[in-house]
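Chemist: heads up, no residue letters with this:
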C-alpha cells in the first residue's frame, strides 16, 4: 500500500515516474539490463543524460550561458566545493543566515580560509524569520553572496530573491527547485540535492554561469572542479546514473503535468490549505512568521507537546508517515514537495481534526 510520505528527504516521488522506472527496471531500452548496469559511456546512457539535461533546461528556462552539472555528494558536498571553485584563500564572501543549512555552508566557507561576512542572522527570532528585503548591503568586493531560499528544518522561506548587484548570487535550492518558475539569470550558481523534488539521494545538480568556470583553486579535487566536470559532460568519473535516469522520468512527469507554473499552482494550494487549517484550529500552531513560511516544509506544534509521539504513531498507522519534526526543533513537520497531492494534505488535515477532537 502506498502511503502519504511527508518526509523532508529522501522524499515522496511521483508514482507515475516510479512506475515508469519499474516497467523497464530489468530491461532498459531492450538491452536486457537495467539502466544501473549499462556503461555510463555507452551511447544509450550518454543520450539519456543529454535528454535529462535538455528537459531540465527547458522546464527551468536555463540560459545558454549556464552549464548544468550532474554531480555526486549532495548539497553538503557543495558547501566545500563552492569555495574551492569560486574563491581564492583570504577572499571575502557574504552570507544570509536563516537556519541550520545556512550555518553549515558558513562553517565550510570559514574552513576554506575565507573571510565570512554574515550580513543578516535571524538568530534573534530563533530562525523563524527571513531578513527584510533591502535590510542588508552586499560588499561589492565579495566573491559571492550565499543564501538558502528554503530552510528545510525550520520551514523558513524567502519571499524574494536577494539583490546582489554584480556579486554572483549563490543559492542552495535543494528544497525548492522545480517547485515553481524562477529566473535563473539572476543567479551565479544554483545547487540542489536531488532527494526532495528531483529524485533519489546521491545526485546533486549544479547550474553555474559560464563566466564562473575555470576559477578553481589548484588543490580542488577533479570531481569537484566545475570546469573539469563541464569539459567531460559530468562524466569525469562514473556519475550517479540511476539518479540522472530517474530525474529524467520526474522531469517528464513535471512537463506532462503542466510544467513549473502548474507545480507552483499545486504547491501554493497545498500550503494555503495546511497553513489555513493550522491557523484556524485553535489547537495547532506554526512558529514561522507568515511572510517567511515555506511552501515545502510545514512545521507545526500542538497544544500538548507530550502527545507528539502519540500523534506521529497514530498518523503513521493511518498511512501518513514521517511527520516527526527535526530533532533540533521538535513538534511535527509535513514536507509537501511536488509529488505530494492535495489529497494527501487533506488526509493529514482530516487526521489532525480527529486527533484534536479526541485529545484537545
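Modeler: Looks like it arrived, so ask away. What you see is a predicted model, and the numbers here were worked out from it, not measured in a lab.

Chemist: and residue 164, how far is that from residue 149?
Modeler: When distance is defined by C-beta to C-beta, to the nearest Å, residue 164 is 13 Å away from residue 149. For every residue, glycine as well, the C-beta is placed using N, CA and C.

Chemist: of these two, who's got more company?
Modeler: When residue 164 and residue 149 are compared for neighbours, residue 149 comes out ahead with 26 against 21, by other C-beta atoms under 10 Å.

Chemist: Show the contacting residues for that one.
Modeler: Residues near residue 149 by C-beta atoms under 8 Å, 6 or more residues apart in numbering: 157, 158, 171, 172, 173, 175, 176.

Chemist: Just the ones in strands from the residues you listed, please.
Modeler: 157, 171, 172 (DSSP state E).

Chemist: my read: the second one touches residue 150, true?
Modeler: It stands for residue 171. No. Under the criterion of C-beta atoms under 8 Å, residue 171 is not in contact with residue 150, lying 9.6 Å apart.

Chemist: just the ones in strands among the contacts of residue 149 now: which is nearest residue 345?
Modeler: If you rank the ones in strands among the contacts of residue 149 by distance to residue 345 using C-beta to C-beta, residue 157 comes first, at 17.0 Å.

Chemist: Look up how far residue 5 lies from the residue nearest to that closest one when sequence neighbours are not counted.
Modeler: Distances taken as C-beta to C-beta, 6 or more residues apart in numbering put residue 294 closest to residue 157, at 4.0 Å, once the chain neighbours are dropped. Per C-beta to C-beta, residue 294 is found 17 Å from residue 5.

Chemist: try residue 226
Modeler: According to C-beta to C-beta, residue 226 stands 33 Å off from residue 5.

Chemist: So for those two, which sits in the more crowded spot?
Modeler: Remark: of residue 226 and residue 5, residue 226 carries more neighbours, 25 against 19, as counted by other C-beta under 10 Å.

Chemist: Next one: the more buried one from residue 181, what distance?
Modeler: Noted for residue 226: a distance of 25 Å to residue 181, by C-beta to C-beta.

Chemist: How about residue 66?
Modeler: Plainly put, residue 66 is 16 Å away from residue 181 if you go by C-beta to C-beta.

Chemist: Who are the contact partners of the spatially most central residue of the chain?
Modeler: Nearest residue to the geometric centre of the chain (C-alpha atoms, centre = their mean): residue 174, 1.7 Å. With contacts defined as C-beta under 8 Å, 6+ apart, the neighbours of residue 174 are 9, 75, 101, 150, 152, 191, 192, 193, 196.

Chemist: Distance check, it against residue 337.
Modeler: 11 Å.

Chemist: mind listing the strands for the stretch 201-350 of the chain?
Modeler: Taking DSSP state E, counting those that start in this stretch, the strands of the stretch 201-350 of the chain run over residues 204-209, 284-285, 297-302, 320-321, 332-335.

Chemist: Just send the ones you listed back as CSV, with mean pLDDT too.
Modeler: Converted to CSV, these look like this (pLDDT from 0 to 100):
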stretch, mean pLDDT
strand 204-209, 98
strand 284-285, 98
strand 297-302, 97
strand 320-321, 98
strand 332-335, 98
